[in-house]
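Novice: Here is a sequence together with a model predicted from it:
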Amino acid sequence: MYKLILFTAMVIGFGIACTNPKQSDKTNNTIHDTMTVHNTGKSKNPITQKISPYLWVEKDAKGVADYYLSIFKDGKLKDFRRFDSTESGNAAGIETAVIEIAGMEFTILAAGPLFKFNEAVSFVINTKDQAETDYYWNALTKNGGEEGSCGWCKDKYGLSWQVVPTEYFDLIHSSDPAVREKAMKNTLKQKKLILSELK
């Protein structure tokens, strides 16, 4: 079953990238018989990024998209599609959403509880200062998120993030061994990174 869903997801992904939702009326009517399409972009092809992270979630791709867009305020929904059970081969159907957050495109695939996120993959948010670090840390860990260690956390869907002030890299790459040692030693004691304690 999961092989069928993976194959369908690939086909859907290629379909999003390669089809024009404003095709001829005949083709468009066929699409709308089995699929709800919502394309918010002006481009015929909503995919503009060479490599796009593909996030598998259990359900409600639109709800997941809205969650991330509520955290990354400059983001936007670029595409949303719903495929029924007949077309997707999945009893509950499949939903996809394409979002852009912090200038990066993510595709969200809602296709059932077959796969879970783990720490093998995480996304680093490079923050400009402590205030921005605090904002993203708090936004991602509340309402079911989870604090980790050394700047790592999980959001409510279990996706791992690293919230790291850019100044942190200056500290751990300092030419002064004492600065590097203090920063690294104190990192191991922290959950959210606190610059004032690392300097």
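Specialist: That came in fine, so what should we check first? Residues are numbered from 1 along each chain as shown.

Novice: The most centrally placed residue in the chain sits in which helix or strand?
Specialist: In the chain, the centroid-proximal residue (C-alpha atoms, centre = their mean) is F106; its distance is 5.3 Å. Applying DSSP states H and E as the criterion places F106 in strand 104-110.

Novice: So what's the residue count around F83?
Specialist: Using other C-beta atoms under 10 Å, F83 has 24 other residues around it. For glycine as for every other residue, the C-beta is placed from the backbone atoms N, C-alpha and C.

Novice: Correct me if wrong: it contacts A111.
Specialist: No: counting by C-beta atoms under 8 Å, F83 does not reach A111; the two are 9.5 Å apart.

Novice: And the pLDDT for Q49?
Specialist: Q49 is assigned 78 on the pLDDT scale.

Novice: residues in contact with stretch 184-199?
Specialist: With C-beta atoms under 8 Å, 6 or more residues apart in numbering as the test, stretch 184-199 has contacts from 129-130, 133-134, 137, 147-151, 153, 163-165, 167-168, 171-172, 179, 182-183.

Novice: Pull out the buried members of those.
Specialist: 133-134, 137, 148, 151, 153, 163-165, 167-168, 171, 179, 182-183 (16 or more other C-beta atoms under 10 Å).

Novice: Just the ones of those in strands?
Specialist: Using DSSP state E, the members of those that fall within strands are 153, 163-165.
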